[in-house]
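A.B. asks: Need the 3D shape of this:
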Amino acid sequence: MADVDEGRGQERSFGDKGREDRRRGERGGRDARNRDRQGGSRGNGSDGGEGRFGRRGEGRGRDGERRRDGVRNGRRGDARRGEGHGRDGDRRRGRGGVRHDRSNPRREGFREDRMAQKEQEPDLPQGLEISDLDPSVLQDLKVLSKDNAERVAKHMLMATDLLYDDPKLALQHARAAKNRAGRVGVVRETNGVVAYHAGEWKEALSELRAARRISGGPGLLAVMADAERGLGRPEKALELGRSPEARELDEAGQIELAIVLAGARHDLGQHESAVAQLQRLNPSLDSQGFEQARLSYAYADALLATGEKAEAKRWFEHVAKIDVDGMTDASERVAELG
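C.D. replies: Just a heads-up that it's a prediction; the model follows:
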């Protein structure tokens with residue numbers, strides 16, 4: 001995901017149901033997980049994200065343009081159930097050690113499948129300008145032929161533009177780009193991010209793992225951890241938080257991951273541990289900036305889950321004070337607490 005800073009996108013609006021879930025401490029639901037993850041954000045996220053997909057100048061966060069009302073509005077199934085994927089998401093090796101993943105040109109039937117895939121690609125509207133893509137993405141696509149690179153870029157643009165209005169169609173475009181450029185890390189990353197938004201958790205994990213193998217670095221670790229939560233595997237999310245790659249994240253990445261891991265603790269009913277998870281990043285009532293506002297919000301929410309109502313209110317008040325753009329619903333949370 002292109003510098004997926006937490007994105008320009010609108011984050012999910014946690015309605016009455018989400019608030020009732022929080023009051024009852026029901027952290028395992030989809031609404032609660034998204035609130036855990038996003039720190040109550042209404043819209044734009046941080047500028048410190050990882051990834052690079054999307055239009056030029058549109059900052060996106062580690063999990064893409066997450067909006068509060070649609071991060072996980074897809075089904076939880078595996079889009080490719082039964083395809084024999086290994087732990088890294090690629091098909092297991094067959095005879096002779098040849099990888100039988102769809103992007104391997106040595107695979108039997110590869111050409112036929114590619115032709116069929118191209119015929120099934122979603123239409124591209126007229127007037128798309130690939131110059132709208134981040135320059136670093138366009139640079140990565142130069143390993144492709146000129147015509148193919150242009151079509152891949154256009155599919156990536158459409159995947160970005162449709163991410164919230166039609167996540168399923170966005171995923172079709174992301175898959176079309178992946179099918180044409182499966183060995184380009186940012187393309188696999190885009191497919192993973194869009195799959196995440198479409199609620200295709202296993203596909204998201206598979207693609208983000210592939211992107212990390214290709215490009216190196218920690219990858220979109222917080223998105224991967226949150227996808228594990230979406231699959232009902234909070235323990236796996238916590239394992240990712242203990243991985244060596246977690247230590248490679250910058251401050252914004254560490255905050256994002258901590259919010260996800262705290263959510264995983266809530267999923268397990270370990271609310272005190274969620275508080276401790278966030279305390280490791282030293283939340284402060286003197287902090288400033290949107291990333292710190294998100295950390296403080298998650299901390300307040302965790303405190304509330306442990307019954308520390310007065311302390312939680314104090315932290316929500318802090319978030320409301322430093323959230324000068326009104327990106328969170330902290331003021332509403334303060335009012336709720338009376």
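A.B. asks: wait, doesn't Arg212 sit right on Gly219?
C.D. replies: Yes. Using Cβ atoms under 8 Å, Arg212 and Gly219 qualify as a contacting pair, with a distance of 3.4 Å. Every C-beta, even on glycine, is put in place using the N, C-alpha and C of the backbone.
A.B. asks: Compare those two (neighbour count), which wins?
C.D. replies: Set side by side, Arg212 and Gly219 show more neighbours around Gly219, with 26 against 21, by other Cβ atoms under 10 Å.
A.B. asks: residue contacts, the more buried one?
C.D. replies: Shown in contact with Gly219 (Cβ atoms under 8 Å, 6 or more residues apart in numbering): 50, 189, 208-209, 211-212, 245.
A.B. asks: buried set for the strand or helix carrying Met158?
C.D. replies: Element membership for Met158 (DSSP states H and E) is helix 146-161. The neighbour-count check on helix 146-161 (16 or more other Cβ atoms under 10 Å) flags 149-161 as buried.
A.B. asks: Also stretch 316-336?
C.D. replies: 316-320, 322-323, 327-330, 333-334.
A.B. asks: Tabulate the CA atom coordinates of stretch 185-202 in PDB.
C.D. replies: Presented in PDB, the C-alpha positions along stretch 185-202 are these (Å, rounded to 0.1, in the frame of the first residue of the first chain):
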ATOM      1  CA  GLY A 185       6.100  -6.000  -4.600                       C
ATOM      2  CA  VAL A 186       3.900  -2.900  -4.600                       C
ATOM      3  CA  VAL A 187       1.300  -4.700  -6.800                       C
ATOM      4  CA  ARG A 188       1.100  -7.600  -4.400                       C
ATOM      5  CA  GLU A 189       0.900  -5.100  -1.500                       C
ATOM      6  CA  THR A 190      -2.000  -3.300  -3.200                       C
ATOM      7  CA  ASN A 191      -3.800  -6.600  -3.700                       C
ATOM      8  CA  GLY A 192      -3.300  -7.400   0.000                       C
ATOM      9  CA  VAL A 193      -4.600  -4.000   1.200                       C
ATOM     10  CA  VAL A 194      -7.600  -4.100  -1.000                       C
ATOM     11  CA  ALA A 195      -8.400  -7.700   0.000                       C
ATOM     12  CA  TYR A 196      -8.200  -6.500   3.600                       C
ATOM     13  CA  HIS A 197     -10.700  -3.800   3.000                       C
ATOM     14  CA  ALA A 198     -13.000  -6.300   1.200                       C
ATOM     15  CA  GLY A 199     -12.900  -8.600   4.200                       C
ATOM     16  CA  GLU A 200     -10.800 -11.300   2.500                       C
ATOM     17  CA  TRP A 201      -8.500 -11.800   5.400                       C
ATOM     18  CA  LYS A 202      -6.700 -14.900   4.100                       C
END
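A.B. asks: average model confidence for it?
C.D. replies: In this model, stretch 185-202 has a mean pLDDT of 97.
A.B. asks: Equivalent analysis for stretch 292-304, please.
C.D. replies: Stretch 292-304 comes out at a mean pLDDT of 97.
A.B. asks: Show me which positions of that stretch end up buried.
C.D. replies: 292-304.
A.B. asks: got CSV for those, with distance to Val223 too?
C.D. replies: Formatted as CSV, the buried residues of stretch 292-304 follow (distance: Cβ to Cβ, whole Å):
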residue, distance to Val223
Gln292, 21
Ala293, 20
Arg294, 15
Leu295, 18
Ser296, 22
Tyr297, 19
Ala298, 16
Tyr299, 21
Ala300, 23
Asp301, 20
Ala302, 21
Leu303, 26
Leu304, 26
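A.B. asks: Restricted to helices, list those residues.
C.D. replies: Among the buried residues of stretch 292-304, DSSP state H puts 292-304 in helices.
A.B. asks: who touches Ser287 in this structure?
C.D. replies: Counted by Cβ under 8 Å, 6+ apart, Ser287 has contacts 293, 295-296, 318, 322.
A.B. asks: if I look at it, how far off is Glu317?
C.D. replies: 13 Å (Cβ to Cβ, to the nearest Å).
A.B. asks: now swap in Asp161 and tell me
C.D. replies: From Asp161 across to Glu317, the span is 38 Å (Cβ to Cβ).
A.B. asks: show me where the chain has strands.
C.D. replies: 2-4, 50-52 (DSSP state E).
A.B. asks: Give the residues shared as contacts by Arg212 and Gly219.
C.D. replies: What both Arg212 and Gly219 touch, as defined by Cβ under 8 Å, 6+ apart, is the set Glu245.
A.B. asks: Leu169 - how many residues pack around it?
C.D. replies: Using other Cβ under 10 Å, Leu169 is surrounded by 16 other residues.
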